[in-house]
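S.K.: Can you look at this prediction? I've put the sequence above it.
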Amino acid sequence: MLPVAYYIGLSAILFTIGALGVLIRRNPIVIFMSVELMLNSANLAFIAFARAYGEMTGQIFVFFIMTVAAAEVGVGLALIVAIFHTKQSIDVDQMNSLKG
Amino acid sequence: MTINLILFLILGVTAVATALGMLFSRNAVYAALFLILNFGTVAVFYLLLDAPFIALTQVTVYAGAIMVLFLFVIMLLGAEQTGRTPSVWWMQPLALGLGAVLLGEALYIIVTQRSLLPVGVTPSASFGTPTIVGELLFNQYLLPFEVTSILLLVAMIGAVVLSKPRV
């Protein structure tokens, strides 16, 4: 196996790209995708450490993270659709009030 | 240079390139397709790290179900174009600077604290097989597994309620 530092480094790079996506992009759907990328980079770190320690717990944890991510995407995209129906736009700059 | 390192470099470059492609593509559909490619690459990493079950879950759940949902919503709302500039001009330079700081910090810590990282042990023959994953999920992690089902139920009800037209 390659040194675990390689995988953690790659995970850090992917996480940074995801964080940049959240900060730079204006489209809430792309912001969601960037959050998914960050979750995925965390998963990569989990799997790399699970392999390095020979422990299955890391893989089980990734399994649960995937479920939570799926639930998050389902609710988040429903929210975006609901906001689009009230405002006819999904620009993040226009989402500045709690009441639609 | 071993075959593992060459494979890691090719896959790593692909993963970073597709992530950057997602970050910079103007069209949200292209961003989603780049992200699917990225998830596929990460699934191959999982295979290299002796996690075949997680790799296939990644392909079906992430690259399959979640990204199909994304593409569906993008096309439903017609939200492909995102060419607008932010309302405050210093937003992008500040974001790039903060991202560089984050990456620099993370890589600095990884390089300097390298000795604390574990050296890979040789795992047992059953490591990562679906059998052992199932055994762990239904014995040691039975309670979290059941709580997950409640979470999914709540998310499902939430999505239905949110997208229901107001009465």
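M.R.: Everything's here; your move.
S.K.: Now do the contacts for residue 47.
M.R.: Since you didn't name a chain, this refers to chain A. A:Tyr7, A:Gly58, A:Gln59, A:Val62, B:Phe45, B:Tyr46, B:Leu49, B:Ala51, B:Ile54 (Cβ atoms under 8 Å, 6 or more residues apart in numbering or on different chains). Yep, even glycine has a C-beta here, placed from its N, CA and C like the rest.
S.K.: my bad, chain B
M.R.: For B:Leu47, the contacting residues are B:Ala55, by Cβ under 8 Å, 6+ apart.
S.K.: With the one 5 residues further on instead?
M.R.: Listed by Cβ under 8 Å, 6+ apart, the contact partners of B:Pro52 are B:Tyr46, B:Gly128, B:Thr129, B:Pro130.
S.K.: burial of the last one, as a residue count?
M.R.: Look at B:Pro130: counted by other Cβ atoms under 10 Å in any protein chain shown, it has 11 neighbours.
S.K.: if we can go back for a sec, between the contacts of B:Pro52, which is closest to chain A?
M.R.: B:Tyr46 (5.5 Å; Cβ to the nearest Cβ).
S.K.: For the closest one, give its distance to B:Ala95.
M.R.: Counting by Cβ to Cβ, to the nearest Å, the separation of B:Tyr46 from B:Ala95 is 30 Å.
S.K.: Check B:Leu7 too.
M.R.: 33 Å.
S.K.: Neighbour count for those two, which is higher?
M.R.: Counted by other Cβ under 10 Å, B:Leu7 and B:Ala95 do not tie: B:Ala95 has more neighbours, with 18 against 14.
S.K.: What helix or strand is the nearest residue to that one once chain neighbours are set aside located in?
M.R.: In space, and not counting its chain neighbours, B:Ala95 is closest to A:Leu23: 3.6 Å by Cβ to Cβ, 6 or more residues apart in numbering or on different chains. Element membership of A:Leu23, judged by DSSP states H and E, is helix A:4-24.
S.K.: roughly how far out does that helix sit from the chain middle?
M.R.: 11 Å (Cα atoms, centre = their mean, to the nearest Å).
S.K.: Buried residues, it. List them.
M.R.: For helix A:4-24, a neighbour-count test (16 or more other Cβ atoms under 10 Å in any protein chain shown) marks A:4-24 as buried.
S.K.: same thing with stretch B:96-104?
M.R.: In stretch B:96-104, counting by 16+ other Cβ under 10 Å, buried: B:Gly99, B:Leu103.
S.K.: what's the answer for stretch B:118-130, then?
M.R.: Within stretch B:118-130, the residues scored as buried using 16+ other Cβ under 10 Å are B:Gly120, B:Pro123, B:Phe127, B:Gly128, B:Thr129.
S.K.: Please apply the same query to stretch B:61-78.
M.R.: So stretch B:61-78, judged by 16+ other Cβ under 10 Å, has buried residues B:Val61, B:Tyr62, B:Ala63, B:Ile66, B:Met67, B:Leu69, B:Phe70, B:Leu71, B:Val73, B:Ile74, B:Leu77.
S.K.: Equivalent analysis for stretch B:105-120, please.
M.R.: B:Ala106, B:Leu107, B:Ile110, B:Leu117, B:Gly120.
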